[in-house]
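Student: Fold the stuff below for me.
(one chain, ligands or ions: 1)
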Amino acid sequence: MERIQKKIAASGYCSRRKAEELITSGVVAVNGEIVTQLGTKVGQNDVITVSGEIIEKALKKYYVLYKPEGYISTTDDEKKRRTVIELIDSEVSIYPVGRLDYDTSGVLLLTNDGDFNQAMIHPKNSIEKVYEVTIKGFLRKETSYALMRGIKLDGTKTKPAKITQVKTNVEKATTKCLMTITEGRYHQVKRMFEAFNHEVIKLKRVRFGTITLDNLKKGEYRSLKPHEYKTLMQLTGIPTQQNR
Ligand code: URA
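Tutor: Predicted structure coming up:
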């Protein structure tokens with residue numbers, strides 16, 4: 001027997017959080033009976049439906065996209081901007097693992113596996129994200145140390161970060177560096193630099209966990225290889241079907 005929200009997420013239908021919303025909103029039924037109680041246990045032979053549609057055990061899909069600037073990291077956008085989903089030809093519905101801003105480029109994972117998504121974005125799992133950041137102005141050592149130690153954003157301190165490969169462009173009065181963070185707060189990198197009056201003028205994610213852009217060009221994507229999925233999950237310490 002499994003908790004219903006876990007089972008829906010495991011089917012690849014949506015994330016666990018979305019499944020919880022669907023359950024409490026009264027559109028999920030088990031063997032024809034509406035279930036609104038989170039955590040209701042369901043067995044192998046129970047038929048789960050969402051708004052009357054049967055949830056099939058969908059194939060799990062994992063992609064890495066080199067997100068270009070000018071795309072939004074959601075499945076649809078009310079302002080009708082282009083979404084990252086449009087760049088991927090997938091036979092199942094997928095969604096991005098966390099977000100990159102509209103004007104940020106780089107490594108973006110996409111999946112239909114709710115457990116994988118949660119494992120990758122949960123701050124307790126501390127998956128490293130590395131960004132190539134270009135800022136206005138010259139980065140002082142003190143600023144760099146303060147950013148690495150952590151600064152208050154929305155009342156809580158950011159986790160320790162790393163800043164490496166600092167290069168200044170004297171003519172343009174800009175600085176380029178790599179910043180490694182293990183959280184994914186809203187506009188985190190931009191807000192951290194802006195706290196020291198450095199506007200971020202270019203942002204590119206060059207690594208997510210163990211996944212880099214390697215041979216991808218902007219706008220290109222590929223499926224993750226089974227060993228890449230496994231390595232990412234190993235970073236979280238959560239057992240997977242394959243290594244359980
Ligand atoms: N931090 C930001 O500010 N923007 C992103 O897109 C990613 C991290």
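
Student: does the ligand sit close to stretch 81-101?
Tutor: Yes: applying CB under 6 Å from any ligand atom, one finds stretch 81-101 touching the ligand at 100, 101. Heads up, the C-betas are built off the backbone N, CA and C, glycines and all.

Student: How much space separates the closest residue to residue 18 other than its chain neighbours from residue 165?
Tutor: Distances taken as CB to CB, 6 or more residues apart in numbering put residue 114 closest to residue 18, at 7.6 Å, once the chain neighbours are dropped. Relative to residue 165, residue 114 is positioned 36 Å away (CB to CB, to the nearest Å).

Student: got it, and residue 67?
Tutor: Counting by CB to CB, the gap from residue 67 to residue 165 is 22 Å.

Student: Quick check: residues of the chain near the ligand?
Tutor: Near the ligand, when you scan the chain using CB under 6 Å from any ligand atom, you find 100, 101, 104, 187, 188, 189, 190, 203.

Student: you'd agree the residue nearest to residue 18 is up against residue 20?
Tutor: No: distance between residue 114 and residue 20: 10.4 Å, which falls outside the contact criterion (CB atoms under 8 Å).

Student: Neighbour count: these two, which is higher?
Tutor: For the pair residue 114 and residue 20, the greater number of neighbours falls to residue 114 (24 against 18), based on other CB atoms under 10 Å.

Student: Does residue 161 touch residue 180 like I think?
Tutor: Yes: between residue 161 and residue 180 there is a contact at 6.1 Å, judged by CB under 8 Å.

Student: Neighbour count: the two, which is higher?
Tutor: Of the pair residue 161 and residue 180, residue 161 is the one with more neighbours under other CB under 10 Å, namely 22 against 16.

Student: Could you find the closest non-adjacent residue to residue 6?
Tutor: Excluding the flanking residues, the one nearest residue 6 by CB to CB, 6+ apart is residue 16, at 6.5 Å.

Student: wait, I meant residue 81
Tutor: Leaving aside its sequence neighbours, residue 81 sits nearest to residue 72 (CB to CB, 6+ apart; 4.9 Å).

Student: Show me what that neighbour is bridged to.
Tutor: residue 83 (DSSP bridges).

Student: Can you report how many residues neighbour it?
Tutor: Neighbours of residue 72 under the rule other CB under 10 Å: 21.

Student: The one 5 residues further on now?
Tutor: One way to gauge burial is a neighbour count; for residue 77, by other CB under 10 Å, it gives 14.

Student: Okay, the spatially closest residue to it that is not a sequence neighbour and residue 27: tell me how far apart.
Tutor: Nearest residue to residue 77 in three dimensions, chain neighbours excluded: residue 83, at 5.8 Å (CB to CB, 6+ apart). Going from residue 83 to residue 27 by CB to CB gives 24 Å.

Student: same thing with residue 220?
Tutor: Counting by CB to CB, the gap between residue 220 and residue 27 amounts to 37 Å.

Student: Between the two, which is the more surrounded one?
Tutor: It is residue 27, of residue 220 and residue 27, that has more neighbours when counted by other CB under 10 Å, with 16 against 13.

Student: Next up, the contacts around that one.
Tutor: With contacts defined as CB atoms under 8 Å, 6 or more residues apart in numbering, residue 27 is in contact with 34, 50, 51.

Student: Can you select the buried ones from these in ChimeraX?
Tutor: Written as a ChimeraX command, the selection of buried residues from these, which uses 16 or more other CB atoms under 10 Å, is:
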select :50
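
Student: Secondary structure for the contacts of residue 27 - can I get that in a markdown table?
Tutor: Below are those laid out as a markdown table (DSSP: H, G, I helix; E, B strand; the rest coil):
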| residue | secondary structure |
| --- | --- |
| 34 | strand |
| 50 | strand |
| 51 | coil |
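
Student: Can you tell me which of the contacts of residue 27 lies closest to residue 130?
Tutor: Comparing those against residue 130 with CB to CB places residue 50 closest, at 37.2 Å.
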